[in-house]
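>>> Need a 3D model of the sequence below.
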Amino acid sequence: MIKGLLLDFYGTVVEDDDAIMQATAEQVAAGASTSVSGGDVMDAWARQYEAVAAGPRFRTLRDCAMRSLATVMAEVGCPGDPANLCTAQFTYWQSPPLRPGTREFLSRVTVPICVVSDVDRADLDAAMAHHGLAFTAVVTSEDVRAYKPDRAMFTRALAALDLGADEVLHVGDSTTADVHGAHAAGIRAAWINHRGHTLPDDTPVEYEITDLTGLIEIIR
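From the prediction side, this is the model:
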């Protein structure tokens, strides 16, 4: 029986920032002294982003975004201030649109929910306030000083709900951060596959859904 839910936020409750990041990558590519495409910049930025976040010193997500973009800009010879280029992304984090099905799901769910998000606390609080959302508990990477799939994120969420790993279901759109992270913590996972991707063979998913309404029957 599922007694509680752990929910990723961006890409699960609200839309992710893919389009904003792609637009920023296109700007960098256009200003680069080397011949690169927006896709090239986007791929390099994603790699650097992950490397900074996984580094030995914890950095806020905003810092990760700016530092990783600065590295890519230097590599491709694009002048400018990475902080300015990240402004659109940071603004988006505070007022993202809801994903389809979110309102319906939240109006019908009865079990306690803990949001588990890699975004900075102030940005998550602003996004929740923007949509008038409230949850039983909220855990951010800034609170824990670690990013998913670090077990500490999931352990903190379980403590916040006062539930065991076998009593909850974690829901998210990342097979690495959400699915593998939850599984490593002994938690079942539901994958939000809103991009139509094929699930990797080694991914331990109990449920695959396209939006949160797919959970309604599962948690009854």
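>>> all strands in this structure, in order from the N-terminus.
4-7, 113-117, 137-140, 168-172, 188-192, 207-209 (DSSP state E).
>>> who touches R145 in this structure?
By CB atoms under 8 Å, 6 or more residues apart in numbering, the residues touching R145 are F58. Where C-beta positions appear, they are placed from N, C-alpha and C, glycine not excepted.
>>> go on, W45?
Neighbours of W45 in contact, by CB under 8 Å, 6+ apart: 21, 25, 28, 68-69, 72.
>>> In helices, which of those appear?
21, 25, 28, 68-69, 72 (DSSP state H).
>>> that older thread, closest to G214 among the contacts of W45?
Set against G214, the nearest of the contacts of W45 by CB to CB is M21 (26.1 Å).
>>> in the sheet, who's paired with the closest residue in space to D8 that isn't next to it in sequence?
Computed as CB to CB, 6 or more residues apart in numbering, the closest residue to D8 that is not its neighbour in sequence is G172, at 3.2 Å. Going by DSSP bridges, G172 is paired in beta bridges with W191.
>>> how near is the closest residue to D123 other than its chain neighbours to C78?
Distances taken as CB to CB, 6+ apart place W93 nearest to D123, at 4.2 Å, with adjacent residues excluded. In this view, W93 and C78 are 23 Å apart by CB to CB, to the nearest Å.
>>> ok, now P56?
28 Å.
>>> who has more neighbours, the two?
For P56 versus C78, neighbours defined as other CB atoms under 10 Å are more numerous around C78 (22 against 4).
>>> Now do stretch 119-139: everything it contacts.
4, 7, 9-10, 13-14, 60-62, 90, 93-96, 98, 106, 112-117, 140-143, 153, 156-157, 160-161.
>>> just stretch 75-85 next, same as before
If you take CB under 8 Å, 6+ apart as the criterion, stretch 75-85 is touched by 24, 27-29, 31-34, 36, 40-41, 44, 66-67, 69-70, 72-73.
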